[in-house]
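# Below are the sequence and a predicted model for it; my questions follow.
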Amino acid sequence: MTFGFRGHRALAALIAFSLLLVASFSPPAALAGDKSHRGSTIPGIDVLAQRGFDSLKGKKVGLITNHTGITRDNRSTIDVMFEQKDFKLTTLFSPEHGIRGTADEKVASSVDEATKLPIYSLYGKTQKPTPEMLSDVDVLVFDIQDIGTRFYTYIGTMAMAMQAAKEQGRKFIVLDRPNTIGGEKVEGFIPPVELTGKNTCIYPIPTRHGMTIGELALLFNDHFKIGCDLEVVKMKNWDRSMYFDETGLLWLNPSPNMRTMNGAILYPGLGASETTSIAVGRGTDRPFEMYGAPYMDGLKLAMNLNGRNIPGIRFVPFQFTPTALYHKFKDEKCFGVFAIITDRDALNSVQAGLHMVQAMHECFPDKFTAEGGYKVETGSVDTWDDLTTRKMTPEEVIKKNQPAVDEFLKVRKKYLLY
């Protein structure tokens with residue numbers, strides 16, 4: 001990857017300005033250690049172990065997990081549970097990207113090499129555990145690190161597994177983990193019912209929901225009426241203001257193209273533009289931080305975006321070559337922008353994403369188009385036309401949809417654990 005440029009002096013000035021912003025950026029006060037438990041978060045798997053796995057004694061257990069299911073001292077949840085004598089781990093289930101989190105395609109069922117347990121894929125022929133898969137299971141346990149965005153598929157996998165647990169009379173236990181991008185901000189749109197029901201948009205919740213995986217399970221089970229026998233094992237030493245890099249837990253890429261905290265923060269808003277005619281850095285070392293296409297002019301786009309004075313973010317012209325096997329721009333040079341977060345607390349990722357879509361359409365109206373998934377990932381059937389045809393500002397689009405988000409915030413309060 002290299003900085004791509006057209007107009008050397010203007011580009012040099014823009015890069016220098018952006019680098020100055022980065023150099024002067026001071027992290028949020030939370031990083032200064034203003035709370036004694038920062039850096040010492042204990043995830044649900046460790047809490048359950050401290051309790052002697054009391055909820056699992058005498059049971060046959062199915063575990064829905066991947067490589068992110070680890071203890072605070074970085075032991076695999078699979079290994080920890082497999083060695084227990086008071087219950088029997090009988091079955092493994094894997095989400096999108098597989099049990100090791102490395103696949104970027106549909107995953108087949110298999111056998112775990114270490115434990116010899118069957119691994120049933122929930123991102124292959126079926127996305128919901130079948131009665132046959134649960135035949136040797138009394139209790140389903142879920143332990144996966146989510147990143148806090150509605151269209152990230154792990155929460156859809158959890159919801160479908162909860163539905164199966166209800167239908168088959170199995171208990172469901174969620175081992176809670178932090179929301180990677182914090183538990184305070186709620187951003188984006190509430191999708192209409194016709195866009196829901198798939199693992200990229202399982203229920204009508206905001207794009208950035210600000211809830212932990214355990215809190216979502218409570219919401220899904222009660223408000224959306226799954227009604228299974230649910231237990232959530234709470235974390236210790238986590239509060240809503242904390243991002244993942246303040247927990248002291250080991251970062252493992254939750255999926256092959258979710259490689260950085262900045263990428264995760266940008267994902268709810270800028271990441272939704274993946275469902276347009278651009279590349280988003282898949283197949284590079286910084287996915288979801290760079291955006292462009294072969295037909296774009298990075299300098300023109302960066303100047304448009306920076307002229308909007310979007311809080312918490314700036315853009316520099318950038319050139320990159322995606323290598324992801326499935327991408328339409330594989331091995332083609334893409335010109336666009338690299339997104340630099342200058343203040344993550346001031347940044348509204350969804351608002352910034354709307355600005356980027358509108359800027360791209362203004363700069364390249366003949367070639368920049370939306371694809372079918374844009375409505376699903378934004379959670380709105382109107383937003384593309386609002387931005388491009390009706391020429392509404394992103395702030396006006398957000399204001400138009402705010403009443404639904406306000407109603408969600410009222411519902412959400414009932415299910416918050418921290």
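Thanks, I have the structure now.
# Just the strands from the stretch 301-418 of the chain, written as ranges.
Remark: strands assigned in the stretch 301-418 of the chain by DSSP state E, counting those that start in this stretch are 313-320, 334-341.
# The first one relative to strand 334-341, how many degrees between them?
In terms of direction (axes from the mean of the first three to the mean of the last three Cα atoms, to 10 degrees), strand 313-320 departs from strand 334-341 by 150 degrees.
# The strands of the stretch 301-418 of the chain: which one's closest to residue 385?
strand 334-341 (23.3 Å; Cβ to Cβ). Every residue, glycine included, has its C-beta placed from N, CA and C.
# And the closest one, what does it pack against?
Here strand 334-341 touches helix 8-24, helix 261-266, strand 290-293, helix 298-306, strand 313-320, going by 3 or more Cβ pairs under 8 Å, 6 or more residues apart in numbering; DSSP states H and E.
# pLDDT averaged over that strand, what's the number?
Mean per-residue pLDDT for strand 334-341: 98.
# Partner strands of it, with direction?
As defined by DSSP bridges, the strand partners of strand 334-341 come to strand 290-293 (antiparallel), strand 313-320 (antiparallel).
# Could you look over the ones you listed and pick the most buried one?
Of all the strands paired with strand 334-341, strand 290-293 has the most neighbours on average by mean count of other Cβ atoms under 10 Å, namely a mean of 27.
# Can you pull out the residues in contact with that one?
Identification of contacts with strand 290-293 by Cβ atoms under 8 Å, 6 or more residues apart in numbering yields 1, 270, 273, 277-281, 284, 298, 301, 318-320, 329, 334-339, 356, 364, 367-368.
# Which members of those are classed as buried?
Those of the contacts of strand 290-293 that meet the buried threshold are 270, 273, 277-281, 284, 298, 301, 318-320, 329, 334-339, 356, 364, 368, by 16 or more other Cβ atoms under 10 Å.
# and residue 154, which of the strands of the stretch 301-418 of the chain is closest to it?
Short answer: strand 334-341, nearest of the strands of the stretch 301-418 of the chain by Cβ to Cβ, at 23.4 Å.
# relative to helix 298-306, how tilted is the closest one?
Going by the same axes, to 10 degrees, strand 334-341 makes 30 degrees with helix 298-306.
# Go through the helices and strands packed on strand 334-341 and find the least confident stretch.
helix 8-24 has the lowest average pLDDT among the helices and strands packed on strand 334-341, namely a mean of 45.
# moving C-terminal of that helix, what's the next helix or strand?
Downstream of helix 8-24, the first helix or strand assigned by DSSP states H and E is helix 44-50.
# Next, the buried residues of that following helix.
Buried residues in helix 44-50, counted by 16+ other Cβ under 10 Å: 44, 45, 46, 47, 48, 49.
# swap in stretch 163-175?
For stretch 163-175, by 16+ other Cβ under 10 Å, it's 163, 164, 165, 166, 168, 170, 171, 172, 173, 174, 175.
# What are the neighbouring residues in contact with the fifth one?
Which is residue 168. Residue 168 makes contact with 129, 131, 134, according to Cβ under 8 Å, 6+ apart.
# Quick one: residues contacting the residue nearest to residue 276 when sequence neighbours are not counted.
Distances taken as Cβ to Cβ, 6 or more residues apart in numbering put residue 370 closest to residue 276, at 5.2 Å, once the chain neighbours are dropped. Each residue near residue 370 by Cβ under 8 Å, 6+ apart is listed here: 275, 276, 277, 384.
# And residue 370, how far from residue 320?
Noted for residue 370: a distance of 22 Å to residue 320, by Cβ to Cβ, to the nearest Å.
# For residue 159, which of the strands paired with strand 334-341 is the nearest?
Per Cβ to Cβ, nearest to residue 159 of the strands paired with strand 334-341: strand 290-293, 29.7 Å.
# would you list the strands paired with strand 334-341 in TSV and tack on distance to residue 248?
Output for those, formatted as TSV (distance: least, Cβ to Cβ, whole Å):
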stretch	distance to residue 248
strand 290-293	29
strand 313-320	27
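# Tell me which of these lies nearest to residue 54.
Closest among the strands paired with strand 334-341, using Cβ to Cβ: strand 313-320, at 46.1 Å.
# For the residue nearest in space to the middle of the chain, list the residues it contacts.
In the chain, the residue lying closest to the centroid (Cα atoms, centre = their mean) is residue 147, at 3.6 Å. Residues counted as contacts of residue 147 (Cβ under 8 Å, 6+ apart) are 179, 180, 181, 254, 258, 264, 267.
# Identify the farthest-apart pair in these.
Checking the contacts of residue 147 with Cβ to Cβ, the most distant pair is 179 and 258, at 13.9 Å.
# can you pull the buried residues of the biggest helix by length in the chain?
As assigned by DSSP state H, the longest helix anywhere in the chain is helix 394-412. The neighbour-count check on helix 394-412 (16+ other Cβ under 10 Å) flags 394, 397, 398, 401, 404, 405, 408, 412 as buried.
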